[in-house]
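> Pasting a predicted model and its sequence here:
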There are 2 protein chains.
Amino acid sequence: MSKSGKFAKLPGFRDFPPEDLALRNHVFAAWRRVSRRYGFVEYDGPPLEELDLYTAKSGDEIVDQLYQFSDKGDRRVALRPEMTPSLARILAIRSRSMPKPIRWFSIPQLFRYERQQRGRLREHFQWNVDLVGEGGVASDAEVLAVALEGLRELGLGSKDVRARVSHRALLASILQATGVSSEQMPAVFGVIDRIEREPPERIAERLRSGDEAGLDEATTKKILGLFQEPGLDSVEEAFAEHESVVTCVATMRDYLRILDELGFSPFVEFDLTIVRGLAYYTGIVFEIFDRTGEFRAICGGGRYDHLLEHVGGDPLPAVGFGMGDVVLSELLKERSLSPVYAPEVDYFIVSIGEAQEGLARRVASAQRGLGRSVIYGLGNQSVKKQFSAAAAAGAASVIVLGPDEVEQGRAVVRDMKSGEERQVALEDLLDASRVQVGAGIDRSTSERVGGV
Amino acid sequence: MSKSGKFAKLPGFRDFPPEDLALRNHVFAAWRRVSRRYGFVEYDGPPLEELDLYTAKSGDEIVDQLYQFSDKGDRRVALRPEMTPSLARILAIRSRSMPKPIRWFSIPQLFRYERQQRGRLREHFQWNVDLVGEGGVASDAEVLAVALEGLRELGLGSKDVRARVSHRALLASILQATGVSSEQMPAVFGVIDRIEREPPERIAERLRSGDEAGLDEATTKKILGLFQEPGLDSVEEAFAEHESVVTCVATMRDYLRILDELGFSPFVEFDLTIVRGLAYYTGIVFEIFDRTGEFRAICGGGRYDHLLEHVGGDPLPAVGFGMGDVVLSELLKERSLSPVYAPEVDYFIVSIGEAQEGLARRVASAQRGLGRSVIYGLGNQSVKKQFSAAAAAGAASVIVLGPDEVEQGRAVVRDMKSGEERQVALEDLLDASRVQVGAGIDRSTSERVGGV
């Protein structure tokens, strides 16, 4: 219960009154335009799925973070916390008969029961872009290009955001060459993931600690040294005799070259500390941040070549990303890149006297039929009140129907910005082709249907 | 678990692969265009709300039909079964400072745990349109006009669909005049709701039965007689001495006249059997059906003047409707009014030889920068395979980059429909203004942002 009314929204959930929905629709529209330009088609899945679909992928620990319950048919179900499991389920059989690569995108609302923190929500919308059935590094580059183009479409250039890219197999090869065993590997990945957020002493401690990575002093030093000079050149030089490192460096170079050809070099930085939390990534991974470092990651993604198989699909290579709407919207607002919301309609029709109301409705209907947005007073209101309603509705023009003008077959149209008025013949306002409604589909309607 | 994969979607839920999402987006786009033309603005609320928000409105019986559970914070919550309670909650305090009437619409996904029946789903999307803060009959007409225009926008004319309209206060006055007590009233409303679906003998039985309406023989006969000649004229004549009936008939006539002025007469029929199941309707109600009677109702709505107050808001008159996507989509498919889905991109770029791939990506990037949708081969593929990929992607044109032409600064563009080929200068395909990416926001991007 809130102070403000009898009921409140649940903590961590958002209402979208029109001024907020306008920003959401602005972001979604940009995402859809960019997806289309890159040849991706939209799909969706249900917001509620079998719980097992998520535990199969992420293990039982995920249950604690989910909105999960038993439905009335005793099925264990969960609100979707991410889209990829649904994508894998939908593609499981269908992918066999589809030309590859499959380029699909979606904008699902996702749910997690996060502990309440400032700015942490329990739902968000996420642009999911996945390219399935193609394992080459060109696909990795194509997918990162989509993400960056999505941001550029919203007005964020390379001065605003950067993509930090790495390669999990490269990091694994380097660590192996440094003396990390495969048992120690996951824990070391976990510590490296923290390098940006914690001081070097704490990182060293974690690398040594038996509870975490459990490395000896020499290996710990070598690893910390790695991140002093983390460029591809120095990595290649230092591990020139390790074939797997050299191969991964070559892949990384191809990837960066392709991103350059696509025009995205200024956005992209190689950064060995990017490992991505999720264990299912198998190759190149990336995260996108604003350059000031003020905000959490805007986007994360990478290659996950075994996931589809894991949730029951065919073994297909895949690469994709998720970009949430929350951090991005904050950033757009901060940079004054969010649209200014103001209600607006093309016409407000003012009737002077009840006798004009029928005519007002006929004009409204005719103008709406021409695709214009039109409002007229619904109650018996004074002319003054009708003019304030017109202003409140953001009317570009007001059509005034006064008894004298109407008798002469005219109306006055006032431009609300300039105040300029002009007389217009009523017959021009009443589009004759539209009066004949109900005669089935008229030409303008069928054209609109066909033209979408 | 389904036969087809390791996991299945939950019963009553839908996947939307691209061919189905195309129809959904087609319907949503029409709804949004029409809402805008009538001056309505879009909002949204959370898909999960406190359970009490729904029981406050509909009583405890509704709990059986809900997806409801306790969240990890021990809140009793439910997936939204309808939008109006969220609307009322959002408006509760906010409405005080808003100009009236408030014209809001939304397209939420709604959830009910229905018993499994053929064609019955457990989720659907619903176009919700509400006009709040204006009690006059012109608002009732305006809202029905929006619903009918939404259908017309999708190609359904008055030969395809009809709106059956009634007035709950009119029916109540008539029944009162006929001898029905206020205690019997709800049960009689319930029986009248079944008139279309059950034979007259069964209806008479229900009216008499002590378990249902419990009317005497004379009243039962009078009521059945009412629906023999159900026009407004005959109602007015039969109850000329009952003031409340006469008042309601006059309101109904105003309503029909206004709908005529708006051009929707051919769609509208007075029908006293329309009562709407939900108890919160207070005035004029309507349902829209296809004329063949093959499908369930497409849309239902009416006036609900006490609801906002009931869930904690200010007492504000309101009228609105909900139009679901399921029946409507079935009808559109049956009438061949659903869009034909085919993947399509503007260009597929074919590289003859690996040496052209970098150029292919530069051309792709330039053309995408101009707003075109472009795909190119991501693997090393034969020219033949690239051409089949272009066909599968629905490419309108193929840009062929062959070594000889490229050396001469040219490419071949083939129209995939006509087979016609023409030579194009590479510099025309590579838009120079776009090569300079990363220099902040370029002009074309900022224009796009502003123009949305």
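Yep, it's here.

> what comes up buried for stretch A:330-348?
For stretch A:330-348, the neighbour count (16 or more other CB atoms under 10 Å in any protein chain shown) marks A:330-332, A:337-338, A:343, A:345-348 as buried. C-beta here means a position set from N, CA and C on the backbone, and glycine is covered the same way.

> same check, this time on stretch A:170-182
A:170-176, A:178, A:180.

> May I see these organised as TSV, with secondary structure and pLDDT added?
TSV is the format used below for those (DSSP: H, G, I helix; E, B strand; the rest coil; pLDDT from 0 to 100):
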residue	secondary structure	pLDDT
A:Leu170	helix	95
A:Leu171	helix	95
A:Ala172	helix	94
A:Ser173	helix	95
A:Ile174	helix	95
A:Leu175	helix	95
A:Gln176	helix	95
A:Thr178	helix	93
A:Val180	coil	95
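
> Between those residues, which sits nearest A:Arg120?
A:Leu171 (28.4 Å; CB to CB).

> Kindly confirm whether my reading is correct that A:Arg200 touches A:Leu224.
Actually, residue A:200 is Pro rather than Arg. Yes. Using CB atoms under 8 Å, A:Pro200 makes contact with A:Leu224 at a distance of 6.6 Å.

> For those two, indicate the residue with more neighbours.
A:Leu224 (14 against 11; other CB atoms under 10 Å in any protein chain shown).

> I'd like the buried residues of stretch A:330-348 as a markdown table, with pLDDT appended.
Converted to a markdown table, those look like this (pLDDT from 0 to 100):
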| residue | pLDDT |
| --- | --- |
| A:Glu330 | 95 |
| A:Leu331 | 97 |
| A:Leu332 | 97 |
| A:Leu337 | 97 |
| A:Ser338 | 95 |
| A:Pro343 | 87 |
| A:Val345 | 96 |
| A:Asp346 | 97 |
| A:Tyr347 | 97 |
| A:Phe348 | 98 |
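
> contacts with chain B among those, please.
A:337, A:343, A:345 (CB under 8 Å from any CB of the partner chain).

> thought the last one was touching A:Ala395?
It stands for A:Val345. Yes. Using CB under 8 Å, A:Val345 is in contact with A:Ala395, at 5.2 Å.

> what's the overlap in contacts for those two?
Common contacts of A:Val345 and A:Ala395, defined by CB atoms under 8 Å, 6 or more residues apart in numbering or on different chains, comprise A:Ile375.

> quick revisit: any chance of the buried residues of stretch A:170-182 in JSON lines with distance to chain B as columns?
Listed next are the buried residues of stretch A:170-182 as JSON lines, based on distance: CB to the nearest CB, whole Å:
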{"residue": "A:Leu170", "distance to chain B": "21"}
{"residue": "A:Leu171", "distance to chain B": "24"}
{"residue": "A:Ala172", "distance to chain B": "25"}
{"residue": "A:Ser173", "distance to chain B": "24"}
{"residue": "A:Ile174", "distance to chain B": "27"}
{"residue": "A:Leu175", "distance to chain B": "30"}
{"residue": "A:Gln176", "distance to chain B": "29"}
{"residue": "A:Thr178", "distance to chain B": "33"}
{"residue": "A:Val180", "distance to chain B": "33"}
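
> now the spatially closest residue to A:Gly371 that is not a sequence neighbour: how far from A:Pro18?
Leaving aside its chain neighbours, A:Gly371 sits nearest to B:Arg37 (6.8 Å; criterion: CB to CB, 6 or more residues apart in numbering or on different chains). When distance is defined by CB to CB, to the nearest Å, B:Arg37 is 16 Å away from A:Pro18.

> Same check on A:Leu307?
39 Å.

> More neighbours: which of the two?
Taking neighbours as other CB under 10 Å, A:Leu307 and A:Pro18 compare with A:Leu307 leading, 24 against 18.

> residues in contact with the more buried one?
Per CB under 8 Å, 6+ apart, neighbours of A:Leu307: A:57, A:84, A:88, A:280, A:318.

> Among the residues you listed, which lie within strands?
A:Ala318 (DSSP state E).

> just to revisit the earlier point, out of the buried residues of stretch A:330-348, which is nearest to chain B?
Chain B lies nearest to A:Val345 out of these, by CB to the nearest CB, at 4.8 Å.

> Spatially nearest residue to that closest one, not counting backbone neighbours?
A:Ser373 (4.3 Å).

> residues in contact with stretch A:85-98?
A:43, A:45-46, A:49, A:53-54, A:56-57, A:80, A:102, A:104, A:106, A:108, A:128, A:130, A:132-133, A:307-308, A:310-314, A:316, B:4-9, B:15, B:17.

> Export only the CA atoms of it, formatted as CSV.
Extracted C-alpha coordinates of stretch A:85-98, given in CSV (Å, rounded to 0.1, in the frame of the first residue of the first chain):
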residue,chain,number,x,y,z
PRO,A,85,16.2,-20.9,-23.4
SER,A,86,12.9,-20.1,-25.2
LEU,A,87,14.7,-19.4,-28.4
ALA,A,88,16.5,-22.7,-28.1
ARG,A,89,13.2,-24.5,-27.4
ILE,A,90,11.4,-22.9,-30.3
LEU,A,91,14.3,-23.6,-32.7
ALA,A,92,14.9,-27.2,-31.4
ILE,A,93,13.1,-29.0,-34.2
ARG,A,94,12.1,-26.1,-36.5
SER,A,95,15.8,-25.2,-37.1
ARG,A,96,16.3,-28.4,-39.2
SER,A,97,14.2,-27.2,-42.1
MET,A,98,15.4,-23.5,-41.9
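
> Tell me the secondary structure of the spatially most central residue of chain A, please.
Residue closest to the mean C-alpha point of chain A, counted by CA atoms, centre = their mean, is A:Trp127 at 3.2 Å. Per DSSP: H, G, I helix; E, B strand; the rest coil, the secondary structure class of A:Trp127 is strand.

> if I read this right, it contacts A:Trp104, doesn't it?
No. Under the criterion of CB under 8 Å, A:Trp127 makes no contact with A:Trp104, lying 11.9 Å away.

> tell me the least confident of the contacts of A:Leu307?
The pLDDT minimum for those sits at A:Lys57, where the score is 73.

> hmm, who's touching stretch A:411-420?
A:363, A:390-391, A:395-402, A:405, A:421-424, A:426, A:429.

> at 10 Å what do you get?
Residues outside stretch A:411-420 that contact it (CB atoms under 10 Å, 6 or more residues apart in numbering or on different chains) are A:347-350, A:352, A:356, A:359-360, A:363, A:387, A:390-391, A:394-402, A:405, A:421-426, A:428-430.

> what secondary structure does whatever residue of the stretch 1-150 of chain A ends up closest to chain B sit in?
Of all residues in the stretch 1-150 of chain A, A:Lys6 sits closest to chain B, at 2.4 Å by CB to the nearest CB. Following three-state DSSP, the label given to A:Lys6 is coil.

> for the one 4 residues further on, same thing?
On the three-state scheme (three-state DSSP), A:Leu10 is labelled coil.

> if I look at it, how far off is A:Val63?
Taken as CB to CB, the span from A:Leu10 to A:Val63 is 20 Å.

> So if I had to pick from those two, which one is more boxed in?
A:Leu10 (17 against 14).

> Just the helices from the stretch 51-200 of chain A, written as ranges.
A:51-58, A:84-94, A:137-153, A:168-178, A:185-192, A:200-208 (DSSP state H, counting those that start in this stretch).

> right, and the helix or strand after the last one?
So the one you mean is helix A:200-208. helix A:217-226 (DSSP states H and E).

> Pull out the buried positions in the following helix or strand past that following helix.
Proceeding N to C from helix A:217-226, the next assigned helix or strand is helix A:232-238, under DSSP H and E. Within helix A:232-238, the residues that count as buried by 16+ other CB under 10 Å are A:232, A:235-236, A:238.

> Kindly indicate which of those lies nearest A:Glu261.
After measuring the buried residues of helix A:232-238 against A:Glu261 - CB to CB - the closest member comes out as A:Leu232, at 17.5 Å.

> Alright, that wraps it up for me.
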